[in-house]
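Participant: 3D, please:
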Amino acid sequence: FYTQPFHKISLSQHYNLTKVIEQSQRRGMNMHIDIDAFKYVDGELHWKELKGTRKNPIGARDKRGYLLHNRTTVHRLIWQVVNGPIPEGMVIDHIDGDPGNNLIENLRLCTSSENNRNRGPGKNNTSGEKNVTWSKVLNKWVVKVNLHGEVTKRFCETFDEAVQTARDLRKELHGEFRKD
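Facilitator: Next comes the predicted model:
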């Protein structure tokens, strides 16, 4: 039968492995990041020990505007440095919707469903307003707000009425996680 080879590791390597609290499963890879190596300063993460050219905050911005460090978003690392581990099934939300604003006051723990409520209009939105579409068949504005798979619909004569109706429904159904 086949056995995997045994790899010896040093005591310092073992110590570093036991300190790891973040594992990212993105793209099928396990990424281990030592949270204790960082310090939080005004919405940025810095290395605790400056070595060589490590004077700038960590992270590189991706095309969506998020800062990444070893394929892990920096806002998740900031949350963990300040508040500890992220509970399973929870995500970190940017309250103002700006992925570049990593101030701890702008980050909150939430479910994925709550996080999705805090999004702007989709890229295929033609009205310019979230949850508002024009129905050629009905010749009316249609407002659709989804919560836990249940869709609440309203029909409006004017665009302004539809916008206000959508905002009122989001306030009622989405609460603090609404995006207006």
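Participant: When you work out contacts or count neighbours from here on, use the C-alpha atoms and nothing else.
Facilitator: Noted.
Participant: can you pull the contacts of the nearest residue to residue 103 once chain neighbours are set aside?
Facilitator: Residue nearest to residue 103 in three dimensions, not counting chain neighbours: residue 43, with 3.8 Å by CA to CA, 6 or more residues apart in numbering. Neighbouring residues of residue 43 by CA atoms under 8 Å, 6 or more residues apart in numbering: 78, 101-104.
Participant: So which of these are in helices?
Facilitator: Members of those lying in helices (criterion: DSSP state H): residue 78.
Participant: Just the closest of the contacts of residue 43 to residue 158, please.
Facilitator: residue 101 (35.5 Å; CA to CA).
Participant: quick one, what contacts that closest one?
Facilitator: Contact analysis of residue 101 by CA under 8 Å, 6+ apart lists 43, 94.
Participant: again, but for the one 3 residues further on
Facilitator: Counting by CA under 8 Å, 6+ apart, residue 104 touches 43, 78-79, 82.
Participant: and if we set it to 7 Å?
Facilitator: residue 43 (CA atoms under 7 Å, 6 or more residues apart in numbering).
Participant: Helix or strand with the lowest mean pLDDT in the chain?
Facilitator: Scoring the helices and strands of the chain by mean pLDDT, DSSP states H and E places strand 22-24 at the bottom, with a mean of 37.
Participant: who does the longest helix belonging to the chain touch, helix- and strand-wise?
Facilitator: For the chain, the longest helix by residue count, based on DSSP H, is helix 159-174. With contacts defined as 3 or more CA pairs under 7 Å, 6 or more residues apart in numbering; DSSP states H and E, helix 159-174 has these neighbours: strand 132-135, strand 140-147.
Participant: what helix or strand is residue 75 on?
Facilitator: According to DSSP states H and E, residue 75 maps onto helix 74-83.
Participant: Just the CA trace of that helix, in CSV.
Facilitator: C-alpha atoms of helix 74-83 as CSV (Å, rounded to 0.1, in the frame of the first residue of the first chain):
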residue,chain,number,x,y,z
VAL,A,74,-7.7,42.4,3.8
HIS,A,75,-11.0,43.4,5.4
ARG,A,76,-11.4,39.8,6.7
LEU,A,77,-7.9,40.0,8.1
ILE,A,78,-8.6,43.4,9.7
TRP,A,79,-11.7,42.0,11.4
GLN,A,80,-9.7,39.1,12.8
VAL,A,81,-6.8,41.2,14.0
VAL,A,82,-9.3,43.5,15.9
ASN,A,83,-12.1,41.1,16.9
